Structures are given as structure tokens and as C-alpha cells.
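A.B. asks: One predicted model, sequence on top.
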Amino acid sequence: MLSDAVNATTAQLGWSYLVSVVRDYNREVIINRGAAPSAIPGISVSPRFWYNPSLNYKFYMLPGILVILITAIGLMLCGLNLVREKETGTSEQMNVTPVKKWELIASKVIPFFLIGLFDLALGLSVGWIVFDIPFEGSLLLFFACAAIFLVAVLGLALFFSTMASTQQQFLFVAFFFVMIFVLMSGIFTPTESMPQWAQQFNLVNPVAYLMRINRMVMLKGSGFNDIAGDMGALAVLAVTFITFAIMAYRKRA
């Protein structure tokens, strides 16, 4: 019997039913043969876990930690850098230049985009070397999804920075959203086991999408067809957030 343990309640209920059915069958066989229970070997039921047979908690947590790592770099550091420029007056000097708004936004996004990908590669290398984390899927697909996620997070950081006047204000806003995104993303509890309202909230939570993609690619070896829905939703959020950031950024020609 195959049981999807993502929903722990359903999986445990199905497992209990299976053990009960096998136990009743063993009892019927023994009664029909009229033999002593010890004379007839019973059917034993033993579980085997896919994707993480040893139930190593590190294998489950590291893909999620990699998501938190690039979230912190993309959202917190990028936003703080932009607000600091606003406080020192550097952004005002850039605003009066003939540089177009999209070019200015790109100049803010690209450095942290590259730093985020580098830190992701570094964290993945540490996981391989130190924790012997398995990687069953495509490395190219893994980094492609991370790149889309970084665009979404950087767009969100730019949007928050346009509304904040000081670094302290930005930290309050960013920390609030980071905590909500991470706790609701399924890093500790599968999103499928959450209430319906929480699952609906995760439709606009980019961290939840990449959390699921990382685990599917790294542990299950999932391909593009398996994650196409999550990848498409992540791309929509990336375009939406970066559009909001460009529209909210005020530049004087």
C-alpha cells in the first residue's frame, strides 16, 4: 500500500486500517486451519519510507534552510541597502540623473541577485560536504527556480524600501513579513496539514513555493513537469512584485 505521508493524519489512519486488516486475515487463516497460532507464521507489515528512508531530519530541513538563507539576503540586505542610501541622500542624487527608472531598479537588483545565487551554491556545497545531503534532481532546474524566487523577493524588498524612510522602519516591516512567510511556508509543518485559510495564504507566499520545490528536486528528483505549477506561480509573483516596486519607486527626471 502506498500512503502519501504529506498529510500525516490521513497516512496514519490508512496505516492503522492496513495493520488491522492484516491482523484479522491472520486470525481467520489460523481459525480455518484449526492449528495452533504458533504453528502458522503470520503476515508481518513493515513500513518503508521513500525519499528519506532513514528519516534523517537534516535531509528534510536543509532544503528549507537554503530558502531562508536567500530570503534573508534578498529581502533584508537589499532593502536595508536601499533605505540606507535614502538616509544618506545618495538615492536623491541618482534620482536627478538621466538614468531611466527601470535601469536604476536593475542596478539595485542585479548585485544582490548574484550574491543570493552565490550564497545558495555555497550553502548547497556545505550541505553536500558536511551533512552528506542527497541531491537527486537537476541542478540547473534547482538554480532556475531559485533565480525566479530571488526576483520576487528583491521586488518585494524594493517595494518595502520605497515606503520606509529609515532603516528601522524597514526592519520592522521586513522582519514581520519574513517571519510570517517562513512560518507559513511548511518548513516545520507540511502546508497540506495546515488549515484551509493558511493554505490560501500560501498562494501569495513565495517562500512556500520554493520550499516545496527544493524538497521535491533535492529529495525526490522531481523534473520540470512535476514542479511546473509551482514554478509558474512563482514566476507570476516575481513579475507582480517587481512591477509593484517599479511603479512605487518615485524618480524625478
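C.D. replies: Noted; the coordinates are in hand.
A.B. asks: what ranges of this structure fall below the confidence cut-off?
C.D. replies: For the chain, applying pLDDT under 70 flags the ranges 4-8, 34-43, 52-54, 90-97, 250-253.
A.B. asks: so who does the residue most central in space within it touch?
C.D. replies: Per Cα atoms, centre = their mean, the C-alpha nearest to the average position across the chain is that of Met211, at 1.6 Å. Met211 makes contacts with 63-64, 67, 185-187, as judged by Cβ atoms under 8 Å, 6 or more residues apart in numbering. Placement of C-beta: from N, CA and C, glycine included.
A.B. asks: Restricted to helices, list these.
C.D. replies: In helices, judged by DSSP state H, the following of these are found: 63-64, 67.
A.B. asks: quick one on the thing from earlier: helix or strand: which one has the residue nearest to the centre of the chain?
C.D. replies: helix 206-215 (DSSP states H and E).
A.B. asks: Same check on Ile242?
C.D. replies: Counting by DSSP H and E, Ile242 is found in helix 224-248.
A.B. asks: One more: Phe175?
C.D. replies: helix 167-184.
A.B. asks: outside of the helix or strand that that helix is followed by, which residues touch it?
C.D. replies: Next helix or strand after helix 167-184 toward the C-terminus (DSSP H and E): helix 196-201. Contacts of helix 196-201 with the rest of the structure, by Cβ under 8 Å, 6+ apart, involve 184, 191-192.
A.B. asks: hang on, isn't Gly74 packed against Leu154?
C.D. replies: Yes: with contact defined as Cβ atoms under 8 Å, Gly74 and Leu154 form a contacting pair (5.2 Å).
A.B. asks: Let me see the contact set for Lys58.
C.D. replies: Lys58 makes contacts with 131, 133, as judged by Cβ under 8 Å, 6+ apart.
A.B. asks: Hmm, I typed the wrong one, I wanted Met179.
C.D. replies: Applying Cβ under 8 Å, 6+ apart, no residues contact Met179.
A.B. asks: related to what we said a few turns ago, quick one: common contacting residues for Gly74 and Leu154?
C.D. replies: Listed contacts common to Gly74 and Leu154 are 112-113; contacts here mean Cβ under 8 Å, 6+ apart.
A.B. asks: Pull out the buried residues from the top helix by length along the chain.
C.D. replies: Identified as the longest helix of the chain according to DSSP H is helix 101-131. For helix 101-131, burial by neighbour count (16 or more other Cβ atoms under 10 Å) applies to 104-105, 108-109, 112-113, 115-117, 119-120, 123-124, 127.
A.B. asks: just those residues now: which is nearest Ser165?
C.D. replies: Lys108 (17.3 Å; Cβ to Cβ).
A.B. asks: Now do the closest residue to the closest one other than its chain neighbours against Ala157, distance only.
C.D. replies: Nearest non-adjacent residue to Lys108, counting by Cβ to Cβ, 6 or more residues apart in numbering: Leu82, 6.1 Å away. Distance of Leu82 to Ala157, given as Cβ to Cβ, to the nearest Å: 7 Å.
A.B. asks: more crowded one of the two?
C.D. replies: Neighbours per residue (other Cβ atoms under 10 Å) separate Leu82 from Ala157, with Ala157 holding more: 30 against 23.
A.B. asks: Now do the host helix or strand of the more buried one and helix 206-215, the angle between them.
C.D. replies: Using DSSP H and E, Ala157 sits within helix 139-163. Per axes from the mean of the first three to the mean of the last three Cα atoms, to 10 degrees, the angle that helix 139-163 makes with helix 206-215 is 170 degrees.
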